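Q: Provided below are the primary sequence and the corresponding predicted coordinates.
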Amino acid sequence: MVRYVANKFFYMLVSLFILISATFFLMKAIPGDPFMSEKKVPPEIQARLMEQYGLDKPVYQQYFKYLGDIATGDFGISMKHQNQEVTGIILQTFSASLKIGLIAIVISVFIGVLLGMLAALYHRKLIDNVAMILAVLGIAVPSFVLASLIQFVFGEKLGWFNVMGFDGPLDYVLPVAALAAQPIAFIARLTRSSMLEVLHADYIKTAKAKGLNWFTIMFRHVIRNGILPVVTYIGPMTANIITGSVVIEQIFSIGGIGKVFVECITNRDYTMIMGVTIFYGILLMLARFITDIVYVLVDPRIKLTGGKEG
């Protein structure tokens with residue numbers, strides 16, 4: 001197990017190194033500089049700014065310095081937020097995004113698995129049909145369209161929730177609903193398909209023939225094996241929710257890291273763009289790393305060297 005975890009961690013570090021390098025050189029490939037604006041900056045001031053941020057040095061020197069700074073957790077100073085460290089801005093704004101993301105992930109898994117289980121248990125009945133219609137709608141409608149729709153209906157027309165801002169517990173409802181709708185739909189379909197396969201498996205028929213009660217069969221065999229695909233999906237789902245929050249935070253004017261990311265792209269704040277991109281990458285890689293470990297713990301058939309036993 002230790003070797004398996006170490007192997008996964010090593011590949012995560014390699015992926016992170018590739019991401020950092022690609023982000024750095026892509027930013028350098030963008031025409032112009034971060035101090036371009038509508039008002040022309042005098043050459044002497046621009047030269048001083050370039051020197052202050054180390055942009056006057058050769059690219060390879062900037063690259064190795066940036067790698068060294070990243071290794072110590074230093075993402076540099078924002079080029080647009082005066083005298084503010086990128087790390088500080090990320091930590092300050094990430095709390096709102098983290099709250100919305102965690103709530104959306106928990107709700108997605110809980111409701112998605114529940115809908116999928118009900119659909120599988122009541123296969124080809126009303127509950128199954130309704131659940132699958134909702135799942136198809138959830139997958140088909142993009143999150144930003146759903147966000148605008150529920151913002152208009154429940155905020156503007158009915159007045160049940162605030163359409164913008166993030167001041168109280170009720171303000172979580174609409175953005176979380178917009179973020180969680182698509183994952184709920186996908187998990188419901190995934191759970192239904194997997195549980196239908198498990199319910200018709202030979203070992204379930206054997207368990208019934210041995211006289212095991214319904215709850216024992218469901219919780220010891222059906223649910224445990226039926227949710228394995230969901231465990232696999234948690235990593236990509238986390239990625240979808242985190243990246244999807246960028247648009248949702250803009251729509252609902254939530255001061256999270258997604259809103260900051262959009263603003264730093266607009267303002268050509270290079271250090272912020274690189275810092276937030278790498279931060280997102282670390283989150284997604286950690287989510288995938290944890291998912292791989294949990295999958296091995298949940299399913300003992302998985303070999304620690306990869307693949308399933310024959």
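A: That came in fine, so what should we check first?
Q: what packs against the strand or helix carrying residue 24?
A: For residue 24, the host element (DSSP states H and E) is helix 2-29. Contact analysis of helix 2-29 by 3 or more C-beta pairs under 8 Å, 6 or more residues apart in numbering; DSSP states H and E lists helix 59-71, helix 270-298 as its packing neighbours. (Each C-beta comes from the backbone N, C-alpha and C, glycine too.)
Q: per-stretch mean pLDDT over those helices, give me the minimum one.
A: Per-stretch mean pLDDT for those is lowest at helix 270-298 (a mean of 79).
Q: That helix packs against which elements?
A: Counting contacts by 3+ C-beta pairs under 8 Å, 6+ apart, helix 270-298 packs against helix 2-29, helix 86-121, helix 228-251, helix 257-266.
Q: would a markdown table of the ones you listed with mean pLDDT, mean neighbour count and distance to residue 64 be doable?
A: Converted to a markdown table, the helices and strands packed on helix 270-298 look like this (pLDDT from 0 to 100; neighbours: other C-beta atoms under 10 Å; distance: least, C-beta to C-beta, whole Å):
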| stretch | mean pLDDT | mean neighbour count | distance to residue 64 |
| --- | --- | --- | --- |
| helix 2-29 | 83 | 13 | 10 |
| helix 86-121 | 84 | 19 | 19 |
| helix 228-251 | 76 | 20 | 29 |
| helix 257-266 | 76 | 20 | 24 |
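Q: Let's have those helices in a markdown table, adding distance to residue 139.
A: Listed next are these as a markdown table, based on distance: least, C-beta to C-beta, whole Å:
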| stretch | distance to residue 139 |
| --- | --- |
| helix 2-29 | 28 |
| helix 86-121 | 11 |
| helix 228-251 | 12 |
| helix 257-266 | 22 |
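Q: Which one, of those, ends up nearest to residue 141?
A: Proximity to residue 141 (C-beta to C-beta) singles out helix 228-251 among the helices and strands packed on helix 270-298, at 12.8 Å.
Q: CA atoms only: put the closest one into CSV for me.
A: C-alpha atoms of helix 228-251 as CSV (Å, rounded to 0.1, in the frame of the first residue of the first chain):
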residue,chain,number,x,y,z
LEU,A,228,-17.9,1.9,-7.0
PRO,A,229,-18.3,3.8,-10.3
VAL,A,230,-19.4,6.8,-8.3
VAL,A,231,-16.2,6.7,-6.2
THR,A,232,-14.3,6.8,-9.5
TYR,A,233,-16.3,9.7,-10.7
ILE,A,234,-15.7,11.9,-7.6
GLY,A,235,-12.3,13.0,-8.9
PRO,A,236,-13.6,14.3,-12.3
MET,A,237,-16.7,15.7,-10.6
THR,A,238,-14.6,17.7,-8.2
ALA,A,239,-12.8,19.1,-11.2
ASN,A,240,-16.0,20.0,-12.9
ILE,A,241,-17.4,21.7,-9.8
ILE,A,242,-14.2,23.7,-9.1
THR,A,243,-13.8,24.9,-12.7
GLY,A,244,-17.6,25.5,-13.1
SER,A,245,-17.6,27.7,-10.0
VAL,A,246,-15.6,30.3,-12.1
VAL,A,247,-18.7,31.1,-14.2
ILE,A,248,-21.2,30.6,-11.3
GLU,A,249,-19.3,33.1,-9.1
GLN,A,250,-19.4,35.7,-11.9
ILE,A,251,-23.2,35.2,-12.3
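Q: what's the angle between that helix and helix 257-266?
A: Going by axes from the mean of the first three to the mean of the last three C-alpha atoms, to 10 degrees, helix 228-251 is angled at 60 degrees with respect to helix 257-266.
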